[in-house]
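> Coordinates for the following, if possible.
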Amino acid sequence: MQEGDALPTVEKSVSQQQIESYARASGDFNPIHVDKEFAARSQFGGTIAHGMMIAASISEMMSLAFGPSWATGGSLKLRFKAPVRPGDRVTTSGKVKRVGGSDGVREIACTVEVQRQTGEVAITGDATVTVPPSTGN
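I've put the predicted structure just below:
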């Protein structure tokens, strides 16, 4: 990977069923996610996906780009900008902004983003991954 390289794109559709499954897996049953009547009266006008459920697509993208190095030497700093709703399709993308390091170990800094099908940005952030010399990334 070199500065300016695009990361693999990940596209996902979001359903209320997925949101409810995530609530069960995470234990986060905030009514904004799972109670349609409550959520309809909120500022959002309906249920929204858990932010970390959507952020998982960033980790998926980074794993596709950097393999096991992401799991062992990756970090994220995210900003949640807009809600993602059931029925949305999100596209996760990123770009290498800097490659550095020494002694064969590379530290790769990337910008990352999740965008709704409307073009609205739901999540932005920065990801950093340390890649040891023995890997091909």
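> quick one: low-confidence parts of this structure?
Low-confidence segments of the chain (pLDDT under 70): 135-137.
> any chance you could map the helices in it?
With DSSP state H, the ranges of helices along the chain come out as 16-26, 31-34, 36-40, 51-66, 68-73.
> now the farthest one out in the protein, which residue is it?
Most distant residue from the mean C-alpha position of the chain: Asp103, 30.3 Å away (Cα atoms, centre = their mean).
> any idea how far that residue is from Thr130?
Noted for Asp103: a distance of 12 Å to Thr130, by Cβ to Cβ, to the nearest Å. In this view, the C-beta of every residue, glycine as well, is placed from N, C-alpha and C.
> can you pull the buried residues of the lengthiest strand in the chain?
Of all the segments of type strand in the chain, defined by DSSP state E, the longest one is strand 89-102. Using 16 or more other Cβ atoms under 10 Å as the test for burial, strand 89-102 gives 90-94, 96, 99.
> angle of it against helix 51-66?
50 degrees (axes from the mean of the first three to the mean of the last three Cα atoms, to 10 degrees).
> so what secondary structure elements neighbour strand 89-102?
Judged by 3 or more Cβ pairs under 8 Å, 6 or more residues apart in numbering; DSSP states H and E, strand 89-102 is in contact with strand 10-13, helix 51-66, strand 105-116, strand 121-131.
> residues in contact with that strand?
1-7, 9-14, 54, 57-58, 60-62, 65, 84, 106-117, 122, 126-127, 130-131 (Cβ atoms under 8 Å, 6 or more residues apart in numbering).
> quick revisit: quick one, which of the helices and strands packed on strand 89-102 is nearest to Gly27?
helix 51-66 (11.9 Å; Cβ to Cβ).
> Quick one: work out the angle between that closest one and strand 105-116.
130 degrees.
> Could you export helix 51-66 as CSV, CA atoms only?
What follows is helix 51-66 as a C-alpha-only set of coordinates in CSV (Å, rounded to 0.1, in the frame of the first residue of the first chain):
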residue,chain,number,x,y,z
GLY,A,51,-23.4,3.2,15.7
MET,A,52,-21.0,0.3,16.4
MET,A,53,-23.0,-2.0,14.2
ILE,A,54,-22.3,0.3,11.3
ALA,A,55,-18.7,0.9,12.4
ALA,A,56,-18.1,-2.8,12.1
SER,A,57,-18.0,-2.3,8.3
ILE,A,58,-14.9,-0.2,8.7
SER,A,59,-13.2,-3.1,10.5
GLU,A,60,-14.3,-5.4,7.8
MET,A,61,-12.8,-3.1,5.2
MET,A,62,-9.5,-2.8,7.1
SER,A,63,-9.4,-6.6,7.5
LEU,A,64,-9.8,-7.0,3.7
ALA,A,65,-7.0,-4.5,3.1
PHE,A,66,-4.5,-5.6,5.8
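> Appreciated, that's everything.
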